[in-house]
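fold the following.
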Amino acid sequence: MGGWRARQRGIATAALDTNHPERPDRSWRTAVVEERVGEWVRSASRHSEVAGQRAAAVADRLLHPIEPPPDLDEHLLRVTWLLDQFGDEQALTEAGYLNRSFVLHVHHQHPWVDPYPTRGVPRSESDEIGLHPLRVWLESVGALRRRGKALRRTRRGAAMATEPRLAWEALTLHVAPDSWDRWVLIDAALVLLDSGEPVAMNALIDQIVGDAADRGWQVDHNGESRPPGRSDVTRAYHSAVRMFDMFGFIVQQGDWSARTVSLPPAGESTMLAILRADAAGPKSRPW
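So this is what the prediction gives:
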């Protein structure tokens, strides 16, 4: 029977949007979101008072969908332009990198200003700063898919080329596939949103180290499990914010000994969308 998935979604949507029998001013959907966000705050509070306070401070902002920033086109120009120029597919080298002809096209024609420009003419994809991590991320969100010795643009990728909001939603849902990296990003977001002003990088890392210990995180170190240290958090933080830095959703200023971190307006709304997905999104477990 064709179209059953669409009918399934329609039935579920209709049910969720009906009034809650015990709370006529709320739909079932709203009640579910409120319960999930409430449990998210309670879970944080069980680990530490400070974590609970930070979660509670943003809880009301997570009850409704977060709108993307108004200047989204500018922030995600890398994504839309690259996917547009990509076409249906691009050949890969024997090593699995994008062909040099396309790499040179990106290097010479890209319409954005790179804060860390590539030195000289790139010989391969790995030489073009920003291209390889962006290509890896686009594969991870299903915009590009490898087939044989070529990388093909999917229907999702073609749609993202003309609609930056789709790319933004993909970022908020899949910014860090690794659970540890994603938790570090979420904790950093809570610290930055709570502060409302630039935070010293060293202080941010130290705060996350303490929060990780409170949460009971463990990392493997030479075959032994131990709480994450500064190096573990720093590595995860830089991995998780790479796309944010590339898209201008986070501001990191100063030299390495006195660097500060802050969220511009576009970064604040993007971080809130990530927090909402974490707090109110579908759960794989009932607890």
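
could you pull out the strands in the chain for me?
Using DSSP state E, the strands of the chain run over 19-20, 23-27, 89-91, 144-147, 150-153, 199-200, 219-221, 224-226, 251-253, 260-262.

so which of the ones you listed gets nearest Pro115?
Counting by Cβ to Cβ, Pro115 lies closest to strand 251-253 out of the strands of the chain; the figure is 10.0 Å. C-beta coordinates here come from the backbone N, C-alpha and C atoms, glycine included.

helices or strands up against the closest one?
Counting contacts by 3 or more Cβ pairs under 8 Å, 6 or more residues apart in numbering; DSSP states H and E, strand 251-253 packs against strand 260-262.

which residues does the strand it packs on contact?
Applying Cβ atoms under 8 Å, 6 or more residues apart in numbering, the contact partners of strand 260-262 are 188, 192, 197-201, 204, 250-254.

for stretch 79-92, same thing?
For stretch 79-92, contacts defined as Cβ under 8 Å, 6+ apart pick out 73, 98-99, 102, 105-106, 109-112, 134, 138, 143-144, 146-147, 149-153, 157-158, 160-162, 164, 167, 247.

recalculate using a threshold of 6 Å.
98-99, 102, 111, 149-153, 157, 160-161, 164, 167 (Cβ atoms under 6 Å, 6 or more residues apart in numbering).

type out the ChimeraX command that picks the buried ones from those.
Of those, the buried ones go into a single ChimeraX selection, burial set by 16 or more other Cβ atoms under 10 Å:
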select :98,99,102,151,153,157,160,161,164,167
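
so which of the contacts of stretch 79-92 comes closest to Ala44?
For Ala44, the closest of the contacts of stretch 79-92 turns out to be Ala167, at 29.4 Å, with distances computed as Cβ to Cβ.

pLDDT below threshold where in this protein?
Within the chain, the set of residues satisfying pLDDT under 70 comprises 1-29, 283-287.
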